[in-house]
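*Asks:* no letters, just coordinates:
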């Protein structure tokens, strides 16, 4: 009777063990889900900042191209206006110099004509005096010829002075005032370049302090 009870108990125990093994086997056949890494808040924030920075940088490049084009228009217009002023000044100055030079040459020609007339009068006075001396016979005639020569020279000298005074000085053209460069034009405001986000620094895990065994055999934690 005792042996039958032991046999029955063994059969029940074996059945329970086999059932447990079957359930475990069925559980093992179910695929284990792959764990998904959750990004840290710092990494997510940096990624968003980086994406926003790239968009802002692209917009900045467009704004920069527009700024450079607008600045070139303003600068070219300013330079063109200044060039017109300088061209007008240069042309006026060149014309004035040419007029002054022409007037100076004309005065020199008239001056030379007066001098030539005076020299011719002096030469005639000398020639007339020489002819008179060749025919005079008395002292009075000689004195008269000398007086005639001096009178001719005096008249020629007075005529020369009158002619030179009439010439006067060359009237210079009006002074050409060089233009003054106007103030720089107001240029468009330069766009501000966006600042790249700073990549967060990942903190490294701290090392576990090593344990040391003292001479007495007791475990002691080494202070870092």
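*Replies:* Great, that's in hand. Quick caveat, the model's predicted, so the values are computed rather than measured.

*Asks:* any idea how far the residue nearest the centre of the chain lies from residue 205?
*Replies:* Nearest to the geometric centre of the chain sits residue 75, at 10.3 Å (CA atoms, centre = their mean). From residue 75 across to residue 205, the span is 59 Å (CB to CB, to the nearest Å). In this view, the C-beta of every residue, glycine as well, is placed from N, C-alpha and C.

*Asks:* which ones are touching the residue nearest to the centre of the chain?
*Replies:* Residues in contact with residue 75 (CB atoms under 8 Å, 6 or more residues apart in numbering) are 185, 187.

*Asks:* quick check: it vs residue 123, distance?
*Replies:* For residue 75, the distance to residue 123 equals 71 Å [CB to CB].

*Asks:* pretty sure residue 104 contacts residue 170?
*Replies:* Yes: using CB atoms under 8 Å, residue 104 is in contact with residue 170, at 5.1 Å.

*Asks:* higher neighbour count, these two?
*Replies:* Between residue 104 and residue 170, residue 170 has the larger neighbour count (other CB atoms under 10 Å), namely 16 against 13.

*Asks:* where's that one, which helix or strand?
*Replies:* Element membership of residue 170, judged by DSSP states H and E, is empty: it is in no helix or strand.

*Asks:* repeat for residue 179
*Replies:* In the assignment (DSSP H and E), residue 179 maps to no helix and no strand.

*Asks:* ok, it - how many residues close by?
*Replies:* Neighbour count of residue 179, defined by other CB under 10 Å: 12.

*Asks:* so what's it up against?
*Replies:* By CB under 8 Å, 6+ apart, the contact list for residue 179 reads 85-86, 88-89.

*Asks:* max pairwise distance over those: which two?
*Replies:* 86 and 88 (7.3 Å; CB to CB).

*Asks:* could you point out the helix or strand that follows the strand or helix carrying residue 48?
*Replies:* Secondary structure assignment for residue 48, by DSSP H and E: helix 41-135. Proceeding N to C from helix 41-135, the next assigned helix or strand is helix 139-167, under DSSP H and E.

*Asks:* give me the pLDDT for residue 135.
*Replies:* The model reports residue 135 with a pLDDT of 89.

*Asks:* from residue 181, how far off is residue 113?
*Replies:* Note on residue 113: its distance to residue 181, by CB to CB, is 47 Å.

*Asks:* contact partners for residue 83?
*Replies:* Contacts of residue 83 were listed using CB under 8 Å, 6+ apart, and none were found.

*Asks:* can you say which of the contacts of residue 179 are buried?
*Replies:* Among the contacts of residue 179, none is classed as buried by neighbour count (16 or more other CB atoms under 10 Å).

*Asks:* possible to save those as JSON lines with pLDDT and distance to residue 147?
*Replies:* Formatted as JSON lines, the contacts of residue 179 follow (pLDDT from 0 to 100; distance: CB to CB, whole Å):
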{"residue": "85", "pLDDT": "95", "distance to residue 147": "68"}
{"residue": "86", "pLDDT": "96", "distance to residue 147": "67"}
{"residue": "88", "pLDDT": "96", "distance to residue 147": "64"}
{"residue": "89", "pLDDT": "95", "distance to residue 147": "62"}
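
*Asks:* for those residues, which one is nearest residue 188?
*Replies:* residue 85 (24.2 Å).

*Asks:* ok, the residue nearest to the closest one when sequence neighbours are not counted to residue 185 distance?
*Replies:* Counting by CB to CB, 6 or more residues apart in numbering, the nearest residue to residue 85 once its immediate chain neighbours are dropped is residue 179, at 4.4 Å. Separation of residue 179 from residue 185 (CB to CB) stands at 16 Å.
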